[in-house]
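Chemist: structure for the following, please:
(2 chains)
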Amino acid sequence: MINFLARRLLQSAMILLGVSLITFALLYLLPSDPVRQIAGRSATAQTVANIREQLGLDQPFVVQYWRYLTSLVQGDLGRSYLQKTEVSTLIAARLPASLLLMVGAIVAELVVGLTMGVVAALRRGTATDNSLMIASFIGVSAPQFVVGLLLLYVFAVQLGWFPIGGYGTFSHLVLPAMTLGILGSGWYSRMMRSSMIDVLRQDFIRTAHAKGLSRARVLLRHALPNAILPIIAMIGIDVGIFMGGIVVVESVFGWPGIGQLAWQAIQRVDIPIIMGVTLVSACAIVIGNLVADIASLFADPRIKVR
Amino acid sequence: MKRFLTSTALVAALALPATVFADAQSGMDPNAKSGGNITISYKDDVATLDPAIGYDWQNWSMIKSLYDGLMDYVPGTTDLRPGLAESYEISEDGMTFTFKLREGVKFHNGREMTAEDVKYSLDRVTNPKTQSPGAGFFGSIAGFDAISSGQTEALEGVKVIDPYTVEITLSRPDATFLHVMGLNFASVVAREAIEEAGVDFGKTAMGTGAFKLGEWTIGQRLVFEKNEDYWREGLPYLDSITFEVGQEPIVALLRLQNGEVDVPGDGIPPAKFQEVMADPAQAARVIEGGQLHTGYITLNVKMPPFDNVDVRRAVNMAINKERITQVINGRAVPATQPLPPSMPGYTDGYEGYPHDPEAAKALLAKAGFADGFETELYVMNTDPNPRIAQAIQQDLANVGIKASIQSLAQASVIAAGGEADQAPMIWSGGMAWIADFPDASNFYGPILGCAGAVQGGWNWSWYCNEEVDAMATEADSMTDPDAVEARLQKWSDAYMKIMEDAPWVPVFNEQRYTMKSERMGGADALYVDPVSIPVNYDYVYVTDVQ
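Modeler: Got it, this is the predicted structure:
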């Protein structure tokens, strides 16, 4: 187990190094010049050259990357080109909001997805099953931008149940968390349905029925825990999907997370911020996967650590 | 054209080599009520409030409310008036400006602003270490080159005579200098605040403006509070302003309709425009205003076949500008020349190239392209620009030119335009020139002059006509107040010469449309202020306070 963890941690570090190299190289090759963005349209050639030198952007790629890496190892993500603020400050100010949104989305997708999956499994082959599965299909396919605006329009503007975007209270969280979670709930309902069907076919379920247990007790005590475990273990992997989704969802709902930060930085070629957010997201994904692996170990004893 | 005349007259009056006193046009509103808080929304976060750095849509007018410069504009107009300077004198040769400062003006920390602060602020903005995007505007101050190349840390041309007098000497005559002193970049900042905050100064603020920075929660909101000691008596009217950032324009509009937002800072989203205008209740709260903006297509004169003037003229005649304005729901007027109509120096009565596909084909045939040619049109990838590019593409197809559309992120289009051999045509939408200050020269140098036709520059047509460059230099040397009309005529001639060479297709001058909540008061012009873009916060007020 210790060996396994050590190996996985080393692999994770290699992945992060790879991500940093690829992102840095892509930004270096990008056909747009961050110095021009900083210098503005009225700058003289002298000003542009000055700024390029100050930021070290006149150096060859290897030197630039090495400089970035050495400060990164010391925990320094650099300063934003345009805001001049430390990237770590900007990310720290926004990370809690993104994490909260993700936790909300996990709760939303589990509650909605698992319920749909169980009901569909129990009503297998009926119209209920079919309509639930169609709904999950729509959930998986619908663009989040559209879902978000739709929820906003119906539940915030028309019905007035929730605030129109923003951040602060629990009611601010509901709609963005639902929007982000709908995609996952589609997947979970399908997985839960097939997992549940599998479990319901097992011998021990028949035994439970045979020894006269009530239907509800068989379902809640015997079937559900067995069906749900392999699915819970998947949550860690969702982090990757969420990291993609928050960029859209945060901008629709005005949620002050790192997705918004990344989006605005990309538009302005603010490389230190793009690098910082990418690395933090990559960290989150790596940790998520690690947690998922470990959770699977406990969830399914058949998986052996080698 | 009324505004043009008044502004010219005022500039002429101000430029007299005599002492001129302020407060002639205070912009005060007798109906205004004091008090209350308003909420303004923006999509993008505020990058910085440092007046030497800030150059964005959302922070431009915020900085104007936090800071003051020596010069200022009458609210809602393009008319210059003295700001922190109580009066000023210009020497006979137009090379020396002596500003007398107002006494008793205090920074938000209570310290009095003096001539030393003016000098410090100008030294700071021109110092390359500050990395100011506006440093280039101060190029005419004596000693600019020395500070810009890092040889010194102080501008030789800026001298403190006494605590209330600053003398600025120029190295060349510059008819636009008073406008430059009205730019945000020339704002007076408090040295101690900058030394204390260091590089993080942009997340704080310490000026003499009508508002002071209260709270700033990064990524969420900024709160400005009234400066009780503001030197303009009775201003500002509002007690506080809350700026909420990170809101999509479409969501901001929904919140406005719900009474949660007073002004959507990014205006009415194009997709909702017709819906808003169709509803009388909402349309009544829409405010329309001109802006110093021109949308244009650049034709790269270094890339064949656009090196042929007949081809460029043919393209000018091929484009149906009326139809393109319809693509954006008529929120613009067709343009005939580089300058927008409300800019002094605009050539009245010039019709521009007519929309005439047959004549265009004839010109193309004359240039040896009877069967047309293939080319590329670069465009920024956000709505409505790709749709406008498609309209342009169709117009070009009608005369036999096959243009493929390259729809890219803003920074990539800008980069492509800065290479001599990459982008044959660029539609400027989303990156178009909005004047930094209301003067004809501001539409020339970087975007049509030889200085901008360099690698990484903004002159995407790579047009460089030495004759026009000479005219420009000559016009900007005409600092004699009696020569104002002659100077504008010179600029008008220069732009006419440019139209003859046809490096651009001027397409339209965009109008600004914004909205306000029912309780907002103040002249409409304040909400589409040509200088305090987008809103002049110092002069607006709410009607629902006691």
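
Chemist: so what pLDDT did residue A:39 get?
Modeler: What the model reports as pLDDT for residue A:39 is 80.

Chemist: what's residue A:20 in contact with, if anything?
Modeler: By CB atoms under 8 Å, 6 or more residues apart in numbering or on different chains, the contact list for residue A:20 reads A:68, A:69, A:72, A:275, A:278, A:279. Every residue, glycine included, has its C-beta placed from N, CA and C.

Chemist: just the C-alphas of the strand or helix carrying the second one, formatted as PDB.
Modeler: I take that to be residue A:69. Assessed by DSSP states H and E, residue A:69 sits inside helix A:61-73. What follows is helix A:61-73, C-alpha atoms only, in PDB (Å, rounded to 0.1, in the frame of the first residue of the first chain):
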ATOM      1  CA  PHE A  61      12.300  29.200 -24.500                       C
ATOM      2  CA  VAL A  62      14.500  26.900 -22.400                       C
ATOM      3  CA  VAL A  63      15.700  29.800 -20.300                       C
ATOM      4  CA  GLN A  64      12.100  31.100 -19.800                       C
ATOM      5  CA  TYR A  65      10.800  27.700 -18.900                       C
ATOM      6  CA  TRP A  66      13.700  27.000 -16.500                       C
ATOM      7  CA  ARG A  67      13.100  30.300 -14.700                       C
ATOM      8  CA  TYR A  68       9.400  29.500 -14.400                       C
ATOM      9  CA  LEU A  69      10.100  26.100 -13.000                       C
ATOM     10  CA  THR A  70      12.700  27.200 -10.500                       C
ATOM     11  CA  SER A  71      10.400  29.800  -9.000                       C
ATOM     12  CA  LEU A  72       7.500  27.300  -9.200                       C
ATOM     13  CA  VAL A  73       9.400  24.900  -7.100                       C
END
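
Chemist: same question for that helix: list its buried residues.
Modeler: Across helix A:61-73, burial judged by 16 or more other CB atoms under 10 Å in any protein chain shown covers A:64, A:65, A:68, A:72.

Chemist: what's the answer for stretch B:99-115, then?
Modeler: B:99, B:100, B:101, B:102, B:105, B:107, B:108, B:113, B:114, B:115.

Chemist: can you flag which of these belong to strands?
Modeler: B:99, B:100, B:101 (DSSP state E).

Chemist: how far off centre is the strand ranked longest in chain B?
Modeler: Ranked by number of residues, the top strand in chain B under DSSP E is strand B:504-515. Offset of strand B:504-515 from its chain centre (CA atoms, centre = their mean, to the nearest Å): 13 Å.

Chemist: look at whatever residue of the stretch 151-300 of chain A ends up closest to chain B and give its secondary structure.
Modeler: Relative to chain B, the nearest point of the stretch 151-300 of chain A is residue A:256 (3.6 Å; CB to the nearest CB). What DSSP: H, G, I helix; E, B strand; the rest coil gives for residue A:256 is coil.

Chemist: and for the one 5 residues further on?
Modeler: Reduced to three states with three-state DSSP, the structure at residue A:261 is helix.

Chemist: what's residue B:85 in contact with, if anything?
Modeler: B:22, B:70, B:71, B:99, B:100, B:101, B:102, B:181.

Chemist: residues near the residue of chain B found nearest chain A, how many?
Modeler: Nearest to chain A, among the residues of chain B, is residue B:133, at 2.6 Å (CB to the nearest CB). Residue B:133: 24 surrounding residues under other CB atoms under 10 Å in any protein chain shown.
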